[in-house]
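Chemist: Have a look at this fold, sequence not included:
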């Protein structure tokens, strides 16, 4: 194939590979479907890569003539090892999707078959996924999950029927997640008042895969949810989120769980719910085990929120490694992590600084780390907080050998 000259108009301008499914955008430029869909929908770009003009219409028009030219060229060059490209499947239509939804409501057996078909359609391309969202597929799937979880919560069900319900919910949840819903799609799902509660049920009773899908979908929903919904989240929600964090199903689900906690714990009431659900010791253990930059930053961000309430600070200090691991991450991960770590220590020193706590901060190296922070370049606010803590407790720490004499003279007792 390297010896054959490929016509340049057969190549996708993005990947420079032969186009398998050429489609034309509103600016008149043709791309391979997979590449331009990623550019527009996954990477959230609204301009044409070639012309730099705004894509006023996101619809993609199949360039059938060019595709046939490419297939004919591949056939003519088959002796040179060029494989003929198969004809891509036509995008799904709204009427086809509405029929699948209707058929799925007729019987359990038909529902299983239709869900499998919907998953196959969703996996084909982004055009299908957008069509599925606008046709109401996500709304149907969300309602199905709510219905199934309500039935599954009843105790008199047979094991076989319960298994069928769980399989149906698992399949529906996997499809919803694969759709990568837009903001409006996520808000429509949230309009189903029982959907978050149903996802909480899945996090408690589902398979590892379904629990991961549930929390990753919740991550996207929390980002667009109204404050009134976030404030009204039940304690069970935080219990299951904390359990998923503890189980560490996958790195992706762990990060999604941390983002859920960051989004929900911005609200004061939720901080106490998360603390009572056991989030603090789980976060400390995760911080002890993790060296990955973004994970450490997010764990410290959640702990920063939780330490803004007395219950959160008490839980952090109750953990034998709480103060030590927070201190350890300062100046070792990133400037963001250092800022969060110092904020946490600042909350402890201002509101929970008993004599025992101050001595623990001295013994675990917290004070020494604060002395280092004020001497290095790590952000003016972070340095100022460290100075304030050293000044606030200079009398308790004045005999410490870890504080250089030049620093101690700046904070007279």
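Modeler: Noted; the coordinates are in hand. These numbers come from a predicted model, not from an experiment. Numbers count the residues shown, from 1 in each chain.

Chemist: so where's this structure uncertain?
Modeler: Along the chain, the model assigns pLDDT under 70 to residues 1-2, 155, 401-413.

Chemist: measure the residue positioned nearest the centre of it to residue 170 for me?
Modeler: Note on the chain: the residue nearest the mean C-alpha position is residue 256, at 3.3 Å, using CA atoms, centre = their mean. Separation of residue 256 from residue 170 (CB to CB, to the nearest Å): 18 Å. Heads up, the C-betas are built off the backbone N, CA and C, glycines and all.

Chemist: Distance-wise, check the residue nearest to the centre of the chain relative to residue 221.
Modeler: Distance from residue 256 to residue 221, by CB to CB: 11 Å.

Chemist: Test my guess that the residue nearest to the centre of the chain contacts residue 219.
Modeler: Yes - the criterion here is CB atoms under 8 Å, and residue 256 meets it with residue 219 at 4.1 Å.

Chemist: Buried ones in the helix or strand where the residue nearest to the centre of the chain lies, by neighbour count?
Modeler: According to DSSP states H and E, residue 256 maps onto helix 251-264. Buried residues in helix 251-264, counting neighbours by 16 or more other CB atoms under 10 Å, are found at 253-264.

Chemist: Ok, stretch 214-229 next?
Modeler: 214-222, 224-225.

Chemist: how far does that stretch sit from the chain's center?
Modeler: Its chain's C-alpha centre and that of stretch 214-229 lie 10 Å apart, by CA atoms, centre = their mean, to the nearest Å.

Chemist: Identify the residues contacting that stretch?
Modeler: With contacts defined as CB atoms under 8 Å, 6 or more residues apart in numbering, stretch 214-229 is touched by 173, 176-177, 181, 183, 186-187, 189-190, 196, 199, 202-203, 206, 230, 241, 244, 252-253, 256-257, 259-260, 263-264, 267.

Chemist: Let's see that with 7 Å instead.
Modeler: Stretch 214-229 has contacts (CB atoms under 7 Å, 6 or more residues apart in numbering) with 173, 176-177, 181, 183, 186-187, 189-190, 199, 202-203, 206, 230, 241, 244, 252-253, 256-257, 259-260, 263-264, 267.

Chemist: Surely residue 192 touches residue 143?
Modeler: Yes - the pair residue 192 / residue 143 is scored as a contact, 6.5 Å apart, by CB atoms under 7 Å.

Chemist: Pretty sure residue 250 sits against residue 212.
Modeler: Yes - if you go by CB under 7 Å, residue 250 and residue 212 touch, sitting 5.9 Å apart.

Chemist: Looking at the two now, which is surrounded by more residues?
Modeler: It is residue 212, of residue 250 and residue 212, that has more neighbours when counted by other CB atoms under 10 Å, with 23 against 13.

Chemist: Helix or strand for the more buried one, just tell me which one.
Modeler: Assigned by DSSP H and E, residue 212 falls in helix 208-224.

Chemist: Quick one: name whatever helix or strand follows that helix.
Modeler: Next along from helix 208-224, by DSSP H and E: helix 227-231.

Chemist: and the angle from the following helix or strand past that next one to helix 208-224?
Modeler: Under the assignment DSSP H and E, the closest C-terminal helix or strand after helix 227-231 is helix 235-247. Per axes from the mean of the first three to the mean of the last three CA atoms, to 10 degrees, the angle that helix 235-247 makes with helix 208-224 is 120 degrees.

Chemist: For helix 235-247, enumerate the helices and strands it packs against.
Modeler: For helix 235-247, the elements it packs on are helix 195-205, helix 208-224, helix 251-264, helix 268-276, helix 279-289, judged by 3 or more CB pairs under 7 Å, 6 or more residues apart in numbering; DSSP states H and E.

Chemist: how about the strands in the stretch 51-200 of the chain?
Modeler: Per DSSP state E, counting those that start in this stretch, the stretch 51-200 of the chain carries strands over the ranges 61-62.

Chemist: all helices for it, in order.
Modeler: 64-76, 94-104, 108-124, 126-134, 137-152, 159-179, 183-191, 195-205 (DSSP state H, counting those that start in this stretch).

Chemist: In the last one, which residues are buried?
Modeler: This points to helix 195-205. Neighbour-count burial for helix 195-205, counted by 16+ other CB under 10 Å, picks out 195-205.

Chemist: Turn these into JSON lines, columns for distance to residue 370.
Modeler: Formatted as JSON lines, the buried residues of helix 195-205 follow (distance: CB to CB, whole Å):
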{"residue": "195", "distance to residue 370": "46"}
{"residue": "196", "distance to residue 370": "41"}
{"residue": "197", "distance to residue 370": "44"}
{"residue": "198", "distance to residue 370": "46"}
{"residue": "199", "distance to residue 370": "42"}
{"residue": "200", "distance to residue 370": "40"}
{"residue": "201", "distance to residue 370": "45"}
{"residue": "202", "distance to residue 370": "44"}
{"residue": "203", "distance to residue 370": "39"}
{"residue": "204", "distance to residue 370": "41"}
{"residue": "205", "distance to residue 370": "46"}
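
Chemist: closest to residue 332 among these?
Modeler: Nearest to residue 332 out of the buried residues of helix 195-205 is residue 203 (CB to CB; 32.4 Å).

Chemist: Would you agree the closest one is in contact with residue 211?
Modeler: Yes - Residue 203 lies in contact with residue 211 (CB under 7 Å); the separation is 5.1 Å.

Chemist: Mutual contacts of those two, please.
Modeler: With CB under 7 Å, 6+ apart as the test, residue 203 and residue 211 both reach residue 244.

Chemist: pretty sure residue 284 contacts residue 326?
Modeler: No - when contacts are counted by CB under 7 Å, residue 284 is not listed as touching residue 326 (8.3 Å).

Chemist: Who has more neighbours out of these two?
Modeler: Per other CB under 10 Å, whichever of residue 284 and residue 326 has more neighbours is residue 326, with 28 against 23.
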